[in-house]
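Trainee: just coords:
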């Protein structure tokens with residue numbers, strides 16, 4: 001996040017036919033990080049079944065989703081609902097500094113969308129630009145793993 005002190009962080013990601021987002025208050029990140037320190041990118045894990053079992057247990061035991069102000073996963077065909085939620089959140093918090101991490105493929109579209117919503121206080125970063133072992137990277141792994149759990153549940 002650099003030198004800026006963001007009020008909120010938003011993470012948006014896709015996994016095959018699903019899209020999801022997480023919104024967290026910056027103040028809660030420090031409390032969440034120790035609970036998710038073992039999270040990895042699903043595609044880089046060797047024993048995917050065992051890894052997801054452990055992640056699912058961590059989600060339950062640590063109540064990971066309770067740390068987020070808002071969170072949602074939907075089928076990609078309902079992505080308008082996701083963007084509407086995010087747009088309303090940005091609009092209702094227009095006086096706040098907001099960090100947004102978005103899937104590389106949606107970066108340009110999302111930048112245009114944010115301009116429409118009046119996103120002057122928003123910093124948008126591509127997922128691939130996140131530095132490994134930063135708080136933002138670790139939180140993006142929460143969404144990555146949650147999407148994979150939901151995708152494999154279907």
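Mentor: Noted; the coordinates are in hand. As the structure is a computational prediction, the values presented were derived from the model and not from experiment. Residues are numbered from 1 along each chain as shown.
Trainee: which parts of the helix or strand of the chain with the lowest mean pLDDT are buried?
Mentor: Lowest on mean pLDDT, DSSP states H and E among the helices and strands of the chain sits helix 107-117, with a mean of 85. For helix 107-117, the buried set under the neighbour-count rule, 16 or more other C-beta atoms under 10 Å, comprises 107, 110, 113-114, 117. Heads up, the C-betas are built off the backbone N, CA and C, glycines and all.
Trainee: which other residues reach it?
Mentor: Residues from elsewhere that reach helix 107-117, judged by C-beta atoms under 8 Å, 6 or more residues apart in numbering: 12, 83, 87, 90-91, 100, 102, 122, 124, 126.
Trainee: spell out the residue ranges of the strands in this structure.
Mentor: 8-15, 18-25, 70-75, 98-102, 122-126 (DSSP state E).
Trainee: nearest to residue 148, of those?
Mentor: strand 8-15 (5.9 Å; C-beta to C-beta).
Trainee: now the longest helix seen in the chain, how far from the centre of its chain.
Mentor: Ordering each helix of the chain by length in residues (DSSP state H) puts helix 135-153 first. Centroid displacement of helix 135-153 relative to its chain, using C-alpha atoms, centre = their mean, to the nearest Å, is 8 Å.
Trainee: quick one: mean pLDDT over it.
Mentor: On average, the pLDDT along helix 135-153 is 93.
Trainee: got it, and stretch 62-70?
Mentor: According to the model, stretch 62-70 has a mean pLDDT of 97.
Trainee: buried residues, it. List them.
Mentor: Across stretch 62-70, burial judged by 16+ other C-beta under 10 Å covers 64, 67-68.
Trainee: and for stretch 129-139?
Mentor: 130, 135-136, 138-139.
Trainee: residue 151: which of these is nearest?
Mentor: residue 139 (19.0 Å).
Trainee: mind checking how far the closest one is from residue 77?
Mentor: 26 Å (C-beta to C-beta, to the nearest Å).
Trainee: repeat that for residue 34.
Mentor: 37 Å.
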